[in-house]
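Asker: coords please:
(chains A and B)
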2 protein chains.
Amino acid sequence: MREWVIGGAQMGAIQKSDRRETVVVRMIALLDQAAEQGCDLVVYPELALTTFFPRWYMEDQTEVDTWFEREMPNAATRPLFDRACEHGIAISFGYAELTPGGRHFNTSILTNRQGEIVGKYRKIHLPGHVEYDTERDFQHLEKRYFEPGDLGFETFDNENTLMGMCICNDRRWPETWRVMGLQGVELVLLGYNTPAVNAQNSDEGMEKRLYHSELSITSGAYQNATWAVAVAKAGVEDGFPLMGGTVIVDPNGFVVARAKGEGDELIVARCDMDLCQFGKKTIFDFARHRRIEHYGRITSQTGVER
Amino acid sequence: MREWVIGGAQMGAIQKSDRRETVVVRMIALLDQAAEQGCDLVVYPELALTTFFPRWYMEDQTEVDTWFEREMPNAATRPLFDRACEHGIAISFGYAELTPGGRHFNTSILTNRQGEIVGKYRKIHLPGHVEYDTERDFQHLEKRYFEPGDLGFETFDNENTLMGMCICNDRRWPETWRVMGLQGVELVLLGYNTPAVNAQNSDEGMEKRLYHSELSITSGAYQNATWAVAVAKAGVEDGFPLMGGTVIVDPNGFVVARAKGEGDELIVARCDMDLCQFGKKTIFDFARHRRIEHYGRITSQTGVER
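Answerer: Sure, this is the predicted structure:
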């Protein structure tokens, strides 16, 4: 399938006390809306099933593990998979993954339109910090609760369209987009939970944060000639505001659909995958234009070196 | 010096018949304006001394070589260097370079405030094509007349500020910015000659082209927490329109100055290099956040591979 009607299913706040079953009811309501609008694929946010728990400092690993899923689908999410299959809609959403071996990842999955998981991604660029940080206005403990993803930036053939995933902070790193672009990606799916204020700079409010997010997504899409769907969890979670700004971006880097509010909200666009071809064959024909002999630092060094 | 008053010296059209001496007079006029406004550094466009000659198909190498400079400074440009030195203004501009060994590059140089060349860059990402292309609305023969730069993306300490250069199409490639970012660059200088219409897609006019240019520059600046000065040659050269859009961009990716027209025009901004520190120490602290083990494709393959 080369033309997909895609829904970006922005979700409003999920409070700490909300149960997964309640959240899944909201996700299904968005899915039903998407079905009415003829969607073939619906994308939900990062850590879609719970509040953004990395803002809470926890020392008890048993408590931490209550935020994680041990299998997918599981009892709480099975109704979502079933409904998606009934509608013939592929879905992608994020959740905290605890593996049988006891490893913790910030994960997203992608299904086909039959409700079968055809792709999995584990977040590579974990933002934030490991220990309680008194300098911050609020905590962002992803580096404490997750280990960096071990699956790379894979792409997945989903009914003849090449799809890739990344999560939240990954979108700010051009390496994320390029590694998928070098596989010929046509559609990048990503969810995010982005605080509406910078915890380390209260002067950086929502307007600037939205700009930075959209800048990262539109440039990544343009420079790799790929569609991108970027979906927010928004609203105020237990007193902490998250920004919205869900967008669908075309392979020329133009926003074609954008959420208006900060609650549960579906945005929809018809996305022709063949529109990726012009960029991939002209200005971003990598084989003709890239000069890898001058890129060595990108993979040979992690931090700044003079 | 950590606070630079920087001038972006956009230049209007240069016709095929214009002599370098005439162009240098215009460059000096912009320099004098910059001096009045207290500038410490002035940046001019790519191939600043001549029309954008790669739009012309030539088979006679002797004719091609008339567009190249055999030394820098030379007789035509010496007055510009002298005036810059008098004013105590550092300059950067682009020109076609023919080396003593007969090699051809699309080059830019950077001087200190004493008029001495302290940095040289040779364009790496050459756009366009080698042979006459009947499919295009007009020609873009950079791959015919130049070889790819052999100096990498170096950075240069200019009075305690780390400066780098790139040229035109380089700005669209995130690798350009990242390789300099990995050296800790604080100020990226670049000039461009960008046709106002896509030669391979007449539907892509000036508005979209300006958006793509600014998207590339602002994302590169933001994602590497660096200042950027991007300077156009604009206006209609022998019937072929070039876009303007000269900008100065801060290390948060915000445009702080932008040209209004398509003629010779100076834009000025006061640029505090210490503003780069916040981004470099937080969200784009490469040492803490980059995961080079997942970036392998960026340097191991040139084109798309599944």
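Asker: From now on I want contacts and neighbour counts done on CA atoms only, so please keep to that.
Answerer: Noted.
Asker: pLDDT of stretch A:172-182, averaged?
Answerer: Throughout stretch A:172-182, pLDDT has a mean value of 99.
Asker: distance between that stretch and the chain's centre?
Answerer: 14 Å (CA atoms, centre = their mean, to the nearest Å).
Asker: Now that residue A:165 has come up, it's in contact with residue A:156, right?
Answerer: No. Using CA atoms under 8 Å, residue A:165 makes no contact with residue A:156, being 9.1 Å away.
Asker: ranges for the strands of the stretch 151-300 of chain A?
Answerer: A:155-158, A:161-167, A:187-193, A:227-233, A:235-237, A:240-242, A:247-249, A:255-258, A:265-272 (DSSP state E, counting those that start in this stretch).
Asker: Residue A:165 and residue A:156: which is more packed in?
Answerer: Set side by side, residue A:165 and residue A:156 show more neighbours around residue A:165, with 32 against 19, by other CA atoms under 10 Å in any protein chain shown.
Asker: Pull the contacting residues for the closest residue to residue A:144 other than its chain neighbours.
Answerer: The shortest distance from residue A:144 to any non-neighbouring residue, by CA to CA, 6 or more residues apart in numbering or on different chains, is to residue A:130 (4.1 Å). Residue A:130 makes contact with A:141-145, according to CA atoms under 8 Å, 6 or more residues apart in numbering or on different chains.
Asker: Same list (the strands of the stretch 151-300 of chain A) but as TSV, adding mean pLDDT and distance to chain B.
Answerer: Listed next are these as TSV, based on pLDDT from 0 to 100; distance: least, CA to the nearest CA, whole Å:
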stretch	mean pLDDT	distance to chain B
strand A:155-158	98	9
strand A:161-167	98	10
strand A:187-193	98	15
strand A:227-233	99	15
strand A:235-237	98	22
strand A:240-242	97	17
strand A:247-249	99	13
strand A:255-258	98	12
strand A:265-272	98	18
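Asker: separation between residue A:278 and chain B?
Answerer: 9 Å (CA to the nearest CA, to the nearest Å).
Asker: Compute the number of surrounding residues for that residue.
Answerer: 16.
Asker: Repeat that for residue A:61.
Answerer: Applying other CA under 10 Å, I find that residue A:61 has 9 neighbouring residues.
Asker: and it, what are its phi and psi?
Answerer: With angles defined as degrees, to the nearest 10, residue A:61 sits at phi -60, psi -30.
Asker: And it, what's its pLDDT?
Answerer: 98.
Asker: That one: what's it in contact with?
Answerer: Applying CA under 8 Å, 6+ apart, no residues qualify as near residue A:61.
Asker: secondary structure class for residue A:6?
Answerer: At residue A:6, secondary structure determined by DSSP: H, G, I helix; E, B strand; the rest coil is strand.
Asker: Isn't it up against residue A:37?
Answerer: No. Taking CA under 8 Å as the definition, residue A:6 is not a contact partner of residue A:37, at 9.5 Å.
Asker: Verify the contact between residue A:186 and residue A:165 for me.
Answerer: No. Proximity of residue A:186 to residue A:165 does not meet the contact threshold set by CA under 8 Å, at 11.0 Å.
Asker: gap between stretch A:88-102 and the chain center?
Answerer: That offset, for stretch A:88-102, works out to 12 Å (CA atoms, centre = their mean).
Asker: In it, which residues are buried?
Answerer: A:88-98 (16 or more other CA atoms under 10 Å in any protein chain shown).
Asker: Quick one: end-to-end distance for it.
Answerer: End-to-end distance of stretch A:88-102 (CA to CA, to the nearest Å): 33 Å.
Asker: now swap in stretch A:182-194 and tell me
Answerer: 27 Å.
Asker: for stretch A:291-306, same thing?
Answerer: For stretch A:291-306, the end-to-end distance is 21 Å (CA to CA).
Asker: Likewise for stretch A:157-175?
Answerer: Termini of stretch A:157-175 sit 21 Å apart (CA to CA).
Asker: rewinding a little: higher neighbour count, residue A:6 and residue A:37?
Answerer: residue A:6 (25 against 16).
Asker: which one is the more buried one nearest to, not counting chain neighbours?
Answerer: Closest to residue A:6 by CA to CA, 6+ apart is residue A:41, at 5.0 Å.
Asker: Tell me who's in contact with that neighbour.
Answerer: A:4-7, A:89-92, A:113.
Asker: Can you give me the distance of it to chain B?
Answerer: Distance from residue A:41 to chain B, by CA to the nearest CA: 23 Å.
Asker: what's the spacing between that residue and residue A:112?
Answerer: Taking CA to CA, one finds residue A:41 at 9 Å from residue A:112.
Asker: And for residue A:55?
Answerer: As defined by CA to CA, residue A:55 lies at a distance of 32 Å from residue A:112.
Asker: next one: residue A:199
Answerer: To residue A:112, residue A:199 is 38 Å away according to CA to CA.
Asker: what's the closest non-adjacent residue to the residue in the stretch 151-300 of chain A that chain B sits nearest to?
Answerer: Residue nearest to chain B within the stretch 151-300 of chain A (CA to the nearest CA): residue A:287, separated by 3.8 Å. Nearest non-adjacent residue to residue A:287, counting by CA to CA, 6+ apart: residue B:303, 3.8 Å away.
Asker: so residue A:191 touches residue A:168, yeah?
Answerer: Yes. Contact criterion CA under 8 Å: residue A:191 and residue A:168 qualify, at 5.7 Å.
Asker: Need the residues touching each of those two.
Answerer: Residues touching both residue A:191 and residue A:168 by CA under 8 Å, 6+ apart: residue A:46.
Asker: ok, these two, which is more surrounded?
Answerer: Between residue A:191 and residue A:168, residue A:191 has the larger neighbour count (other CA under 10 Å), namely 31 against 21.
Asker: Now do the residue nearest to the more buried one when sequence neighbours are not counted, the pLDDT please.
Answerer: Nearest non-adjacent residue to residue A:191, counting by CA to CA, 6+ apart: residue A:45, 3.8 Å away. Turning to residue A:45, the model gives it a pLDDT of 98.
Asker: Check the spacing between residue A:155 and residue A:284 real quick.
Answerer: 19 Å.
Asker: make that residue A:170, sorry
Answerer: Applying CA to CA to residue A:170 and residue A:284 gives a distance of 21 Å.
Asker: Ok, residue A:248 next?
Answerer: Going from residue A:248 to residue A:284 by CA to CA gives 21 Å.
Asker: cool, and residue A:73?
Answerer: Computed with CA to CA, the distance linking residue A:73 and residue A:284 is 38 Å.
Asker: of these two, who's got more company?
Answerer: Between residue A:73 and residue A:284, counting by other CA under 10 Å, residue A:284 is the more crowded of the two (22 against 16).
Asker: check contacts around the more buried one.
Answerer: So residue A:284 contacts A:223-225 (CA under 8 Å, 6+ apart).
Asker: so which of those residues is the most crowded?
Answerer: Compared across the contacts of residue A:284, residue A:224 has the highest neighbour count, 30 neighbours, by other CA under 10 Å.
Asker: residues in contact with the closest residue to that residue other than its chain neighbours?
Answerer: Leaving aside its sequence neighbours, residue A:224 sits nearest to residue A:181 (CA to CA, 6+ apart; 5.2 Å). With contact taken as CA under 8 Å, 6+ apart, residue A:181 is in contact with A:224-226, B:304.
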